[in-house]
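Undergrad: Fold the following and give me the result.
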Amino acid sequence: MRVLALGGTELKLLWRNRTVMFMAIAFPLGLGGYMAYQGTSFGGGGWGVVVTLQIMLVLLMTVYITITTTLTARRQDLFLKRLRSGELTDFGVLAGTVGPVLVLGFAQSLVLAIIAMAAGAPIPVNPLLFAVGVLIGLALFAAAGMASTVFTKTPENAQLTTLPIFMVAAGAAASSFLADNQVAHWISIALPGGGVAELLRTGWLGVTWDGKSVGFVDQLVSAGPAAGASLLWAVLAVYAALRWFRWEPRS
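TA: Numbers count the residues shown, from 1 in each chain. Now for the predicted structure:
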């Protein structure tokens, strides 16, 4: 109950911060809706590209950047330190602070997927694989957001400290669509974000990276390396967050 109460308070704080509200809610939904409106003409790709980019936008903007900014802000005003002196465990403090952002990211992913289908996108061929991609992406970028606070001194610095991972993940996602040979494909899914994009695209379209339509079992086999690489990055991000996360302002 205490974790839920903290989560409710965090949602109110997010809602009252106009900058965070715009970057975490209005911008991803607005741009994602525009992508759906443009349909298959957006970026010259098909619906698999559109939907995948919509979800990646949510993972990076709503989840990754918001968690980095929020945790840094709460640490800066000693809110996290005060919470630790209460009855909540460290895990409870982080769950109550990060949980609402994850719920928001999941809800936005669902809304954008529905908008895409309403705009003409086909229903996902493999909803299970698509959902796995979303969940792994949420875990990966939530942990990455926590880990990025190690290098982020103030909330304002988050605009710079989150840029490297943002660019790598966005570039890897784009490369997963553009790969024209096996080597380029393996490189793209080995990078943070590339494997998540591969899972989302395969789950939505039911095709391999080279456009071959395959059955359910072959889809899972084809997505195995992408899932493995993404889970590995998630584990590394969680380790970094747990090992070096700071509860008090950096000197």
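Undergrad: mind checking the backbone torsions on the residue nearest the centre of the chain?
TA: Central residue of the chain (Cα atoms, centre = their mean): Leu59, 2.2 Å from the mean position. Dihedral angles phi and psi of Leu59 (degrees, to the nearest 10) take the values phi -60, psi -40.
Undergrad: Just the pLDDT at it, thanks.
TA: Listed pLDDT for Leu59 reads 94.
Undergrad: Let me see the contact set for the closest residue to Val3 other than its chain neighbours.
TA: Leaving aside its chain neighbours, Val3 sits nearest to Gly96 (4.5 Å; criterion: Cβ to Cβ, 6 or more residues apart in numbering). Where C-beta positions appear, they are placed from N, C-alpha and C, glycine not excepted. The contact partners of Gly96, by Cβ atoms under 8 Å, 6 or more residues apart in numbering, come to 2-7, 9-10, 88.
Undergrad: what helix or strand does Arg82 sit in?
TA: According to DSSP states H and E, Arg82 maps onto helix 79-84.
Undergrad: quick one: average confidence on that helix?
TA: Here the average pLDDT along helix 79-84 is 79.
Undergrad: Please identify the buried residues of that helix?
TA: Across helix 79-84, burial judged by 16 or more other Cβ atoms under 10 Å covers 79-80, 83.
Undergrad: now swap in stretch 172-191 and tell me
TA: Buried residues in stretch 172-191, defined by neighbour count with 16+ other Cβ under 10 Å: 172-177, 179, 185, 188-191.
Undergrad: shaky segments in the stretch 51-200 of the chain?
TA: 179 (pLDDT under 70).
Undergrad: Taking the buried residues of stretch 172-191, tell me the two that lie furthest apart.
TA: Phe177 and Ala190 (15.7 Å; Cβ to Cβ).
Undergrad: The stretch 151-251 of the chain: helices as residue ranges?
TA: Assigned by DSSP state H, counting those that start in this stretch, the stretch 151-251 of the chain shows helices spanning 158-161, 163-178, 182-190, 194-205, 216-244.
Undergrad: residues in contact with whatever helix or strand Thr69 lives in?
TA: Assessed by DSSP H and E, Thr69 sits inside helix 66-76. For helix 66-76, the external contacting residues (Cβ under 8 Å, 6+ apart) are 10, 14, 20, 23-24, 80-81, 97-98, 101, 141-142, 145-146, 148-149, 152-155, 157-158, 161-162, 246-249.
Undergrad: List buried members of the residues you listed by neighbour count.
TA: Those of those that meet the buried threshold are 10, 14, 20, 23-24, 80, 97-98, 101, 141-142, 145-146, 148-149, 152-153, 155, 157-158, 161-162, by 16+ other Cβ under 10 Å.
Undergrad: Quick check: Ala223 touching Glu198?
TA: Yes. At 6.5 Å, Ala223 counts as touching Glu198 under the criterion of Cβ atoms under 8 Å.
Undergrad: Compare the two (neighbour count), which wins?
TA: The neighbour comparison of Ala223 against Glu198 (other Cβ atoms under 10 Å) goes to Glu198, with 29 against 25.
Undergrad: List the contacts of the more buried one.
TA: 133, 176, 188-189, 209, 223, 226.
Undergrad: Quick check: phi and psi on Asp77?
TA: Per-residue torsions, Asp77: phi -90, psi 20 (degrees, to the nearest 10).
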